[in-house]
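>>> Here's a sequence, model it:
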Amino acid sequence: MPSTSVKRSYLSSVLTCRCPRCREGKLFTNSTQASIKKNLEMPVQCSVCGQPTEIEVGFYYGTGYVSYALTVALSVSTLVAWWVLIGFGLEDNRFIYWLISNAVLLLLLQPFLMRLSRSIWISWFVSYDPDWQEHEADTPERMDVKQAGNW
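Numbering: from 1, shown residues only. Down below sits the predicted model:
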C-alpha cells in the first residue's frame, strides 16, 4: 500500500514530532499542553508504520541533555538579541530584565521543548526508512513482550 502523504524532511519531521521511521505518524497522543503527564503521553508504537516508541526501559532519560542544550542555545540567542537590540549597561537593570524575560520565555516554552527533546532523541536512534511498508519494524530486544517471561 503506497503512501499518499507528502514526504517530510528530517527537520520538518523532528519539529512536528513525527515518527522518525516513516515521518508520518504522530509521536504524541495529545496536542501540546501544560499538563506534563498528558503532554508527554506517547502511543506504544507508531500508528502508521508500527515503530515502537519506547526502545528500552528508561530510553527517554537522555532527553535531559537535549533539553539542556536547547535551553542553553535559546538563552544565548535571546542574550545576543537583547544585547544587539536593547543593550546592557552598568548603570541600570537591563541585564536583570533580560534574566526575568528569558526565564519566563523558557517556562512558557517548556512543554514544547520537552516534546522536541523527545523527538530529537528518538530520531538519533531510529533511522528513516523510505520503504517502511516493505520492512517490518524492529522490536527492541529489551522491550520484546514475547520474551518478557523468559528470564
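>>> Correct me if wrong: Ser117 contacts Thr71.
No: applying C-beta atoms under 8 Å as the test, Ser117 and Thr71 come out as separate, 9.5 Å apart. C-beta here means a position set from N, CA and C on the backbone, and glycine is covered the same way.
>>> how about the helix or strand hosting Phe95: buried residues?
Element membership for Phe95 (DSSP states H and E) is helix 94-125. Of all the residues in helix 94-125, those buried under the rule 16 or more other C-beta atoms under 10 Å are 98, 102, 111, 113-123.
>>> State the mean pLDDT of it.
Here the mean pLDDT over helix 94-125 is 93, rounded to a whole number.
>>> cool, and stretch 41-57?
Averaging pLDDT residue by residue across stretch 41-57 gives 87.
>>> now stretch 69-83
Mean predicted confidence for stretch 69-83 is 95.
>>> how far is that stretch from where the chain is centred?
Computed by C-alpha atoms, centre = their mean, to the nearest Å, the chain-centroid distance of stretch 69-83 equals 19 Å.
>>> One more: stretch 106-117?
On C-alpha atoms, centre = their mean, the centre of stretch 106-117 falls 9 Å from that of its chain.
>>> contacting residues around that stretch?
By C-beta atoms under 8 Å, 6 or more residues apart in numbering, the list of residues contacting stretch 106-117 from outside reads 14-15, 17, 27-28, 32-34, 36, 39-40, 63-64, 66-67, 70-71, 74-75.
>>> which residue packs closest to Thr29, ignoring adjacent ones?
Nearest-residue entry for Thr29: Glu41, 4.6 Å, with adjacent residues in sequence omitted and distances by C-beta to C-beta, 6 or more residues apart in numbering.
>>> Enumerate every residue touching the one you found.
If you count contacts by C-beta under 8 Å, 6+ apart, Glu41 has them with Phe28, Thr29, Asn30.
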